[in-house]
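Sequence and predicted structure, then a few things I'm wondering about:
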Amino acid sequence: MTDAEIRTAGGGTTARGSGRPPKELRMSVELPLWRALTGYRILTLGYVLVLVGMSYQRYAHPLGAAAYMGVLTVWLLLTWRNTTSAERCTRRFLVADLAFAVGGILITRLVDTQARIMDGGPTLPSIWTAGAVLGFAIKGGWRWAAVASSAVAVANLVERQELARDTVHNVVLVWVASVAIGYVVEVARASERTLARALQIEAATRERERLARDIHDSVLQVLAMVQRRGAAIGGEAAELGRMAGEQEVALRTLVSSGLVPPRRATEQGPATGAAPAPSGAGVLPEEAGDPCDVRVLLASYAGAGVTFSEPGAPVELPDGVAAELTAAVSAALDNVRVHVGADAHAWILVEDEPDAVIVTVRDDGPGIPEGRLADAEREGRLGVAQSIRGRLRDLGGSAEWVSVPGQGTEVELKVPKGAVPKGAGRGKVSERG
C-alpha cells in the first residue's frame, strides 16, 4: 500500500491521479469479536434447545419451557445480524437481549421443579446468557460488562434463593470473564487509534519529505544562486540577494519544522529578515480547539535577522491561544523592525514551564527610555498596550519589558497552560512609543 492510498479515521491523503477518493482503510480489531459473539449465540442456542428437549418431561410445566425456548429462538432469528458489528449492536438491543436472558433465568423457577433447581439444574437460557453479557463487554468495555454480569448474578441468586457453591462459581466466572474481555476490548481500541495515528503521521512525514526534496532541488537552490549572484554584482542586486538569502533561511526552517496546519489568516507582520508569517500566525479562531505546537508557528519568523531557539519537545497550547501568542510575538518583532531599524537583530526564545509557556523576544537596539511606554499609551499609540499586553491579559498571562539603554530591549510573554482567548483579536499596531 502506497502513502497516497493510506486513509485513516483521523484523516488521510487522496490517491493522486485516480480522480476519486481512496477506499477507507478500516482496521477494526473488534470485528472478529463481533463475529465470534454471533457464532456463540447461535451455537449456544442450539445447545440449550437440545438440553431442554432432553429434560422436557422433567419440567413441572414443560409447555412453559417450550414456549420460552420458542420465543428465544424467534428473537435470535430476528436479531442475529445485530451482533455482527458495533454499528448494528445498539444499546436498545443490548438491553432487550439481556432482558431475555434475565427473564429466562427468573422463569425457570416457574416452569421447573424445586428439586431440580436445588439440585443445581440449569436455567432455561443456560450458557446462552453469557452471550448477552459479552455483547455489553464488546460494545462498552469492562464497565458495561460489570453492570450486565451483575444483573445476571442477581437473577441467578433470586432463581436459586440460596448461595450455593455452584451458583456462586458460575456467577463469579461470568463476571470475571466479561469484565476481562471488556478491558481487553478497551485496550485494543486504544491500540487501534494509536496505530491509525501512526499511519497518518507516517504518510504525512513521507509527503513532507517528498516536498522538501522538491523544494531543495528547485526553490532553495534558486534562492541560494540569487544570493550569490546579487552579492557578486553589488548595488541593488546585493539587496535583492540579501532578501533571497533571508527567504532561503526562513523556507529551510519551515520545511524542517513541519507543515503548519492551514488557518484563516487575518493578520500578518513579518519581523526583521523573516519570512511572512504562516497562515497559522496571527490567526484568531473563535475559540480554542485542538492542541497546537507553538514552535511550529514561531519557527517561520526565523531568518537572517531573527534567531529562533526552541525546546526539543513540542510546546503545546490550544490553537486559539497559540495564535494569540504568535500575534503578540509578531507585534514585538514589528516594533524591532520599525523602531530599531532594518539591520537590527532579534532573538526568540521559547520555554516550556510546568504551568506556563514563556516566549522571550530580545533585540540589540538602543533600548527604550524610562516612561516612554506609558507616554505612548497616553498619547493613543496602543501597539504595546493592545497588540501585546492586551492579548496576554485576555489569556490570563502577562507581558513584561526589560530595557537597558544601549543594551537592547527584552519582552517576556507568559501564557498559562489551559488559557482560553476571551474574544476577537485586535488590530496590530507597530508602536513602541
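That came through, no problem.

thought residue 305 was touching residue 347?
No - here residue 305 lies out of contact with residue 347, judged by C-beta atoms under 8 Å, at a distance of 10.2 Å. (Glycine included, C-beta is placed from N, CA and C.)

Which residue of the two possesses the greater neighbour count?
Applying other C-beta atoms under 10 Å to residue 305 and residue 347 shows that residue 305 carries more neighbours, namely 22 against 15.

Look up how far residue 230 lies from that one.
Going from residue 305 to residue 230 by C-beta to C-beta, to the nearest Å gives 17 Å.

mind checking the SS state of the residue nearest to residue 40 when sequence neighbours are not counted?
Computed as C-beta to C-beta, 6 or more residues apart in numbering, the closest residue to residue 40 that is not its neighbour in sequence is residue 131, at 5.2 Å. At residue 131, secondary structure determined by DSSP: H, G, I helix; E, B strand; the rest coil is helix.

How confident is the prediction for residue 131, by pLDDT?
On pLDDT, residue 131 comes in at 90.

try the one 5 residues further on
Model confidence at residue 136, given as pLDDT, is 92.

And the helices in the stretch 51-200 of the chain, which stretches?
Here the stretch 51-200 of the chain has its helices, by DSSP state H, counting those that start in this stretch, at 62-79, 91-111, 114-118, 129-140, 142-160, 165-215.

cool, the stretch 201-350 of the chain as well?
Counting by DSSP H, counting those that start in this stretch, the helices of the stretch 201-350 of the chain are 221-233, 236-257, 294-299, 319-339.

Comparing those helices, which yields the minimum mean pLDDT?
Taking the mean pLDDT of the helices of the stretch 201-350 of the chain, helix 236-257 comes last: a mean of 75.

which regions of this protein sit below the pLDDT cut-off?
Within the chain, the segments meeting pLDDT under 70 span 1-28, 163-164, 166, 212-217, 252-289, 369-387, 421-433.

try it again with 50
1-27, 259-288, 380-383, 424-433 (pLDDT under 50).

tell me the centre residue of it?
Per C-alpha atoms, centre = their mean, the C-alpha nearest to the average position across the chain is that of residue 290, at 7.2 Å.

Find the nearest non-adjacent residue to that residue, please.
Leaving out its chain neighbours, the residue that sits closest to residue 290 by C-beta to C-beta, 6+ apart is residue 319, at 5.8 Å.

Same question for residue 110.
Using C-beta to C-beta, 6+ apart and skipping residues adjacent in sequence, the residue nearest residue 110 is residue 64, 6.5 Å away.

how about the helices of the stretch 201-350 of the chain in TSV, adding mean neighbour count and distance to residue 30?
Listed next are the helices of the stretch 201-350 of the chain as TSV, based on neighbours: other C-beta atoms under 10 Å; distance: least, C-beta to C-beta, whole Å:
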stretch	mean neighbour count	distance to residue 30
helix 221-233	15	51
helix 236-257	18	37
helix 294-299	25	35
helix 319-339	26	32
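
can you list those helices in JSON lines and add distance to residue 193?
JSON lines is the format used below for the helices of the stretch 201-350 of the chain (distance: least, C-beta to C-beta, whole Å):
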{"stretch": "helix 221-233", "distance to residue 193": "41"}
{"stretch": "helix 236-257", "distance to residue 193": "26"}
{"stretch": "helix 294-299", "distance to residue 193": "23"}
{"stretch": "helix 319-339", "distance to residue 193": "21"}
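
Among these, single out whichever gets nearest to residue 118.
Closest to residue 118 of the helices of the stretch 201-350 of the chain is helix 319-339 (C-beta to C-beta; 66.3 Å).

measure the residue lying farthest from the centre of the chain to residue 230 for me?
Most distant residue from the mean C-alpha position of the chain: residue 57, 60.1 Å away (C-alpha atoms, centre = their mean). To residue 230, residue 57 is 104 Å away according to C-beta to C-beta.

Could you report the separation of residue 37 from residue 43?
With distances taken as C-beta to C-beta, residue 37 is found 11 Å from residue 43.

More neighbours: which of the two?
residue 37 (23 against 13).

Now the more buried one. Nearest residue, chain neighbours left out?
Using C-beta to C-beta, 6+ apart and skipping the chain neighbours, the partner closest in space to residue 37 is residue 83 (4.9 Å).

Could you report the neighbour count for that neighbour?
29.

Quick check: it touching residue 94?
No - assessed by C-beta under 8 Å, residue 83 is found out of contact with residue 94, at 9.4 Å.

so what sits against both of the two?
Both residue 83 and residue 94 are contacted by residue 135, under the criterion C-beta atoms under 8 Å, 6 or more residues apart in numbering.

Do I have it right that residue 388 meets residue 412?
No - using C-beta under 8 Å, residue 388 is not in contact with residue 412; the gap is 10.8 Å.

With neighbour numbers in mind, choose between these two.
residue 388 (26 against 17).

give the contact list for that one.
Per C-beta under 8 Å, 6+ apart, neighbours of residue 388: 328, 331, 332, 399, 411, 413.

Mind doing that once more with 7 Å?
328, 331, 332, 399 (C-beta atoms under 7 Å, 6 or more residues apart in numbering).

Nothing else from me, thank you.
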